[in-house]
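Chemist: Got a sequence here, can you model it:
(chains A and B)
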Protein chains: 2
Amino acid sequence: LSGTFVEVARARIDPSDRGFTLGDGIFETIRAEAGAPAHAGRHLARLHQGATLLGIDIPFDDQTLHEAMCAVLAQNALASAALRLTLTRGPAARGVLPPTTTQPTILISAGPLPPAAPPARVIVCRRTRRNELSPLAAIKSLNYLDGILARMEAAAAGADDALLLNTRGNVAEAAAANIVLRVDGNWITPPVHDGALPGIARALLLESGAATELSASLATVQRCDAAYLVNALSTRKVAAIDGRDLDLGWAWPGDKIPRIETADERG
Amino acid sequence: LSGTFVEVARARIDPSDRGFTLGDGIFETIRAEAGAPAHAGRHLARLHQGATLLGIDIPFDDQTLHEAMCAVLAQNALASAALRLTLTRGPAARGVLPPTTTQPTILISAGPLPPAAPPARVIVCRRTRRNELSPLAAIKSLNYLDGILARMEAAAAGADDALLLNTRGNVAEAAAANIVLRVDGNWITPPVHDGALPGIARALLLESGAATELSASLATVQRCDAAYLVNALSTRKVAAIDGRDLDLGWAWPGDKIPRIETADERG
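Modeler: Residues are numbered from 1 along each chain as shown, chains lettered A, B, ... in the order given. Below you'll find the predicted structure:
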């Protein structure tokens, strides 16, 4: 927590921290393997993009952050883990406009990877839309309520996750994962300008050629025949969208998803 | 803080509080007069609406919350003040879907009212849009980053505030206030379905007949001849929008804005 090890039970966030009062901050969720963060350079690059957009100074250099992530893993005797790095603007007096100078808060924590899970039953979220017209859609900000509402709507419908449409009706992503759809035999994933978070695993897929960026309308979602969810922690096949069963008998692009273990193969 | 008085310097928010990790909560900013919250019933009703949307249980009844707000004012020897009541879902393990049961966090704090200020120079925000297609637009959630970006854009342009357009290009509100425009001699303010927060002072204006709900496109904003900003803490005339000077020589609707003191008359 901002440079020192603290037991969770003693770690204190100031009630005036703008991360708490206004969601004024960003975070990264990072898969750790063998006691080190995977794709740390990519995660830290995205952290910098978010910090630049919000005008928050990152109080440590990348090398120090990398070492701190490894130290948090070592301190907790974790090799494989879900790391989280949170950066907020820090404590400030009431008011929307940030003060000229603040002392940003940085918190690195680690916990177990999510448990293995069967293929996901997914719905299309009807309750809210992702705002691709906000630059926040392209960073991993602390403003997560639309995703929370979507996931709650999925749970209420007996589903595991929900796809968020953007304001024009194109699919953007799932509540906390990018979506990859097989349409006419091609694996496609929505572009960032449609509101997809530029996920790290997503970037690896695109660079490998295992998927292509393409806008997908609701009609396209309704005629895809296979799909999977992907984020930095796991990949997961989609069993059904809005109750329509999808093909599950396909092989993963294999080494085209480098270093991303599939949750449904872990179990 | 969740039922006990704590000095700010000792008050501790748990780093796993979902208010801090995901912006999973709501708040109210309330004007206090003579040691008591003004329009407390309306503010608490809106708090309940937000809590219902998010599925967060409010851990105290309204009477207790009202007494707690008065007690916070008394403890700090404040008569007129800006009260803030924050409600979050509370601490939880990693994950977007809220756990079935959590212990919500409730925090009541008080500070000085904002200082008197001259009429506001306002711009139309170009950097982001308010998402009227999300139900979050109608509650006062902790997801405040679009407003923060708008206010930062205003400050960078030498202005005091910014008007946010919604996804269809109608004006929704300012970064932390509702906007009232005089168009063709009528005072109008955007409807909630255009992304206006249902502000308490705004409701009082509408009920008094001092303003009418009407959608306002960017073109309408560009031809209004007077405007003011209004929230629970103050009202403020608008001197200019995007550098176009507005009429300042009009009289306030007077007793039609009950119990809302004007910042530019306080100075």
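
Chemist: For the spatially most central residue of chain A, which non-adjacent residue is spatially closest?
Modeler: For chain A, A:A176 is the residue whose C-alpha lies nearest the centre (CA atoms, centre = their mean; 5.0 Å). Nearest residue to A:A176 in three dimensions, chain neighbours excluded: B:V96, at 4.6 Å (CB to CB, 6 or more residues apart in numbering or on different chains). Every residue, glycine included, has its C-beta placed from N, CA and C.

Chemist: who are the neighbours in contact with the one you found?
Modeler: Shown in contact with B:V96 (CB atoms under 8 Å, 6 or more residues apart in numbering or on different chains): A:Y144, A:G147, A:I148, A:R151, A:A175, A:A176, B:L22.

Chemist: Pretty sure the second one sits against A:A172.
Modeler: The one in question is A:G147. No: contact criterion CB atoms under 8 Å: A:G147 and A:A172 do not qualify, at 10.4 Å.

Chemist: shared neighbours, those two?
Modeler: By CB under 8 Å, 6+ apart, the residues touching both A:G147 and A:A172 are A:L164.

Chemist: Strands along the stretch 151-267 of chain A, start to end?
Modeler: In chain order, the stretch 151-267 of chain A shows strands spanning A:161-165, A:171-174, A:178-183, A:186-189, A:212-213, A:226-230, A:235-241, A:244-245, with DSSP state E, counting those that start in this stretch as the criterion.

Chemist: For the first one, give me every contacting residue.
Modeler: Pointing back at strand A:161-165 there. By CB under 8 Å, 6+ apart, strand A:161-165 touches A:120, A:122-125, A:128-130, A:146-147, A:150-151, A:153-154, A:171-177, A:179, A:195, A:218, A:221, A:229, A:241.

Chemist: How about stretch A:205-224 and chain B, touching?
Modeler: No: for a cut-off given as CB under 8 Å from any CB of the partner chain, stretch A:205-224 has no contacts with chain B; the smallest distance is 14.1 Å.

Chemist: Now that stretch: buried residues?
Modeler: For stretch A:205-224, a neighbour-count test (16 or more other CB atoms under 10 Å in any protein chain shown) marks A:L205, A:L206, A:A210, A:A211, A:S215, A:A216, A:T220, A:V221, A:C224 as buried.

Chemist: Name the nearest residue to the second one, sequence neighbours excluded.
Modeler: Spatially, and ignoring its direct neighbours in sequence, A:L206 is nearest to A:E213 (6.4 Å; CB to CB, 6+ apart).

Chemist: Do I have it right that the one you found meets A:I188?
Modeler: Yes: taking CB under 8 Å as the definition, A:E213 is a contact partner of A:I188 at 7.2 Å.

Chemist: Just give the nearest non-adjacent residue to A:K237, would you?
Modeler: A:P119 (4.1 Å).

Chemist: Can you give me the distance of that neighbour to chain B?
Modeler: Here A:P119 is placed at a distance of 17 Å from chain B (CB to the nearest CB, to the nearest Å).

Chemist: What separation do you get for that residue and A:V221?
Modeler: Noted for A:P119: a distance of 16 Å to A:V221, by CB to CB, to the nearest Å.

Chemist: quick revisit: want to throw the strands of the stretch 151-267 of chain A into TSV with distance to A:Q63 and mean pLDDT?
Modeler: Below are these laid out as TSV (distance: least, CB to CB, whole Å; pLDDT from 0 to 100):
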stretch	distance to A:Q63	mean pLDDT
strand A:161-165	36	98
strand A:171-174	31	98
strand A:178-183	29	98
strand A:186-189	32	97
strand A:212-213	32	97
strand A:226-230	28	97
strand A:235-241	30	96
strand A:244-245	48	98
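
Chemist: Would you tell me which one of these is buried the most?
Modeler: strand A:171-174 (a mean of 28; mean count of other CB atoms under 10 Å in any protein chain shown).

Chemist: near chain B, anything from that strand?
Modeler: No: judged by CB under 8 Å from any CB, strand A:171-174 and chain B are separated, with a smallest distance of 9.5 Å.

Chemist: tell me what that strand is packed against?
Modeler: Packed against strand A:171-174 by the contact rule (3 or more CB pairs under 8 Å, 6 or more residues apart in numbering or on different chains; DSSP states H and E) you find strand A:161-165, strand A:178-183, helix A:218-223.

Chemist: Tell me where the stretch 1-150 of chain A has helices.
Modeler: Counting by DSSP state H, counting those that start in this stretch, the stretch 1-150 of chain A has these helices, from start to end: A:18-22, A:40-54, A:62-75, A:145-156.

Chemist: which parts of the last one are buried?
Modeler: Buried residues in helix A:145-156, defined by neighbour count with 16+ other CB under 10 Å: A:L145, A:D146, A:G147, A:I148, A:L149, A:A150, A:R151, A:M152, A:E153, A:A154, A:A155.

Chemist: follow-up on the earlier one: model confidence at the residue nearest to A:A176, what's the number?
Modeler: In this model, B:V96 is scored at 96, pLDDT.

Chemist: Can you list phi and psi of A:R168 for me?
Modeler: phi -100, psi 0 (degrees, to the nearest 10).

Chemist: And for it, the neighbour number?
Modeler: 14 (other CB atoms under 10 Å in any protein chain shown).

Chemist: So what would you say the end-to-end distance of stretch A:158-169 is?
Modeler: Stretch A:158-169 has an end-to-end distance of 23 Å (CA to CA, to the nearest Å).

Chemist: What of stretch A:177-188?
Modeler: Start and end residues of stretch A:177-188 are separated by 14 Å (CA to CA).

Chemist: do the same with stretch A:163-174
Modeler: Span of stretch A:163-174 from end to end, CA to CA: 4 Å.

Chemist: Can you find the residue of chain A that comes nearest to chain B?
Modeler: Nearest residue of chain A to chain B: A:G23, at 3.2 Å (CB to the nearest CB).

Chemist: Quick check, pLDDT for the residue lying closest to that residue once chain neighbours are set aside.
Modeler: Leaving aside its sequence neighbours, A:G23 sits nearest to B:G23 (CB to CB, 6+ apart; 3.2 Å). B:G23 is assigned 98 on the pLDDT scale.

Chemist: Look at B:G23 and say how many residues are nearby.
Modeler: 28.

Chemist: contacting residues for it?
Modeler: The contact partners of B:G23, by CB under 8 Å, 6+ apart, come to A:G23, A:L142, A:N143, A:Y144, A:L145, B:S141, B:L142, B:N143, B:Y144.

Chemist: count of neighbours near A:P119?
Modeler: So A:P119, with other CB under 10 Å, has 18 neighbours.

Chemist: Check the spacing between it and A:A81 real quick.
Modeler: 24 Å.

Chemist: do A:S208 as well
Modeler: Going from A:S208 to A:A81 by CB to CB gives 25 Å.

Chemist: rewinding a little: from the contacts of B:G23, pick the one nearest B:C70.
Modeler: Minimum distance to B:C70 across the contacts of B:G23 is 24.3 Å, recorded for B:L142 (CB to CB).

Chemist: So what's the residue count around the closest one?
Modeler: 29.

Chemist: Just the pLDDT for the nearest residue to A:A120 once chain neighbours are set aside.
Modeler: Nearest-residue entry for A:A120: A:D160, 4.1 Å, with adjacent residues in sequence omitted and distances by CB to CB, 6+ apart. Each residue has a pLDDT score; the one for A:D160 is 97.

Chemist: ok, A:D160 - contacts?
Modeler: Applying CB under 8 Å, 6+ apart, we find A:D160 in contact with A:A117, A:A120, A:R121, A:V122, A:A154.

Chemist: Across the sheet, point out what pairs with A:V171.
Modeler: Beta-bridge partners recorded for A:V171 (DSSP bridges): A:L165.
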